[in-house]
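Q: Here is my input; please provide its structure:
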Amino acid sequence: MSNEAILQLAQKHKKFMEKISVYPYEYHNNNKVYQMAHFYKLTTKLYWNFLMTPYDLSFEEAKDVFYSFILVDDYMKNKLSLANDYASRDYSAGYYGYRNDIKRLIVNNPQFSPVSKEVNSMVDSIDYVEDALGKIRAHYKDYTELLKMIENNGYFTQLHLNQLRQIVGECLAIQFEQFLVQKSLLEQTTVLFHFMGGYNLKGELKSIYKKTKIMVDENSFRQVGASLHKFGKVAELKEKSHEELVKTQIVRYEKDFFKALNEDFIKRRVRNPSVQEARG
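A: Next up, the predicted model:
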């Protein structure tokens, strides 16, 4: 159906003080092409009601199509831009520079052999964080390329939707995992800080001690703790495998969406005949 045709069909369902717009992307699934029109009040830009084609689709089909449209619409709002911004910060003067100083002056220094386990773990932790942030940037590149492809083609498929969900779930899981490692890093760094405090350090070692003191500031622990809790119940999440964590984050990301746009919402807001019949 052309945009003009779905607009003409939607006119039959248009109510007073409403405007109509057609969703810019078609949904292609099982050799069918679906489109969706939005009705919204003149006083607001928020979508108010919906109409989908094929016009005679069943109620069950209408639910699946509606959720696919709304999910894609949400995922295409560049939801990963903040994660990419975080992963793209220049940490060379901070984390990475600190790691390099530790490797150069402490890792093989006999004076620090009593805390060698913690020191080596610190280096490994920062390596892990660096690698994790690189993965987030790579996923973001795939994400933006997928968005661009959907925009250029003018349609999306269930495969595209699943890919968007997987990428977002992966990035959220990686973020959580690297915050867990950051928490461990702070605990390891605290051990080094207390050990260094027992010596009269000079030169570069004194400089590292000052940086270590900044690293273990109470605010650092507070910020990492707050970041972890944004992903859910930390005690439960940290026991999950990466694959389980990805699935959990996808469900958590979409939970409020499905809760708000439930079957009752669809019956009230979708104007296809089958949906109105189901409404009774």
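
Q: Is residue 21 in a helix, a strand, or coil?
A: Per DSSP: H, G, I helix; E, B strand; the rest coil, the local secondary structure of residue 21 is strand.

Q: Spit out the contact partners of it.
A: Going by C-beta atoms under 8 Å, 6 or more residues apart in numbering, residue 21 touches 37-38, 40. Where you see a C-beta, it was placed from the backbone N, CA and C, and this is true even at glycine.

Q: mind redoing it with 10 Å?
A: 3, 7, 10, 36-40, 45, 47 (C-beta atoms under 10 Å, 6 or more residues apart in numbering).

Q: For ChimeraX, what selects the buried ones among these?
A: In ChimeraX, a selection of the buried entries from the contacts of residue 21 looks like this (16 or more other C-beta atoms under 10 Å):
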select :10,36,37,38,39,40,47
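
Q: Filter the contacts of residue 21 down to just the ones in helices.
A: Applying DSSP state H to the contacts of residue 21, the entries found in helices are 3, 7, 10.

Q: so how far is residue 29 from the first one?
A: Right, residue 3. Counting by C-beta to C-beta, to the nearest Å, the gap from residue 3 to residue 29 is 19 Å.

Q: about what we covered before: which of the ones in helices among the contacts of residue 21 sits closest to residue 194?
A: residue 3 (67.7 Å; C-beta to C-beta).

Q: Now that closest one. Nearest residue, chain neighbours left out?
A: Take residue 3 and drop its neighbours on the chain: the residue closest to it by C-beta to C-beta, 6 or more residues apart in numbering is residue 22, 4.8 Å away.

Q: re earlier: which one of the ones in helices among the contacts of residue 21 is nearest to residue 149?
A: Nearest to residue 149 among the ones in helices among the contacts of residue 21 is residue 3, at 20.6 Å by C-beta to C-beta.

Q: list the contacts for the closest one?
A: Counting by C-beta under 10 Å, 6+ apart, residue 3 makes contact with 21-24, 26, 35, 37.

Q: Kindly give the local confidence score, pLDDT, for it.
A: Looking at residue 3, its pLDDT is 77.

Q: gap between it and residue 17?
A: Residue 3 is 22 Å from residue 17, by C-beta to C-beta.

Q: again with residue 156
A: Taking C-beta to C-beta, one finds residue 156 at 31 Å from residue 17.

Q: Over to residue 90?
A: Distance of residue 90 to residue 17, computed by C-beta to C-beta: 51 Å.

Q: ok, those two, which is more surrounded?
A: residue 17 (10 against 7; other C-beta atoms under 10 Å).

Q: Check that one and give its pLDDT.
A: In this model, residue 17 is scored at 80, pLDDT.

Q: name the element residue 156 belongs to?
A: With secondary structure defined by DSSP states H and E, residue 156 is part of strand 155-157.

Q: Work out the gap between the next helix-or-strand element following that strand and the centre of the chain.
A: Under the assignment DSSP H and E, the closest C-terminal helix or strand after strand 155-157 is helix 158-196. Taking C-alpha atoms, centre = their mean, to the nearest Å, one finds helix 158-196 lying 12 Å from the centre of the chain it belongs to.

Q: After helix 158-196, which helix or strand is next?
A: Scanning forward in sequence from helix 158-196 by DSSP H and E, the next helix or strand is helix 203-215.

Q: Show the average pLDDT along that next one.
A: According to the model, helix 203-215 has a mean pLDDT of 94.

Q: Stretch 254-271 too?
A: What stretch 254-271 shows for mean pLDDT is 91.

Q: what does it contact?
A: 10, 12-15, 36-37, 39, 47-52, 55, 59, 62-63, 65-67, 70-71, 74-75, 165, 168-169, 251, 272, 275-280.

Q: switch the cut-off to 6 Å
A: Applying C-beta atoms under 6 Å, 6 or more residues apart in numbering, the external contacts of stretch 254-271 come out as 13, 49-51, 62-63, 66, 275, 278-279.

Q: between those, which is closest to residue 175?
A: For those, the minimum distance to residue 175 (C-beta to C-beta) is 29.8 Å, reached by residue 66.

Q: Let me see the confidence value for the residue lying closest to residue 58 once chain neighbours are set aside.
A: Nearest residue to residue 58 in three dimensions, chain neighbours excluded: residue 274, at 5.3 Å (C-beta to C-beta, 6+ apart). pLDDT for residue 274: 93.
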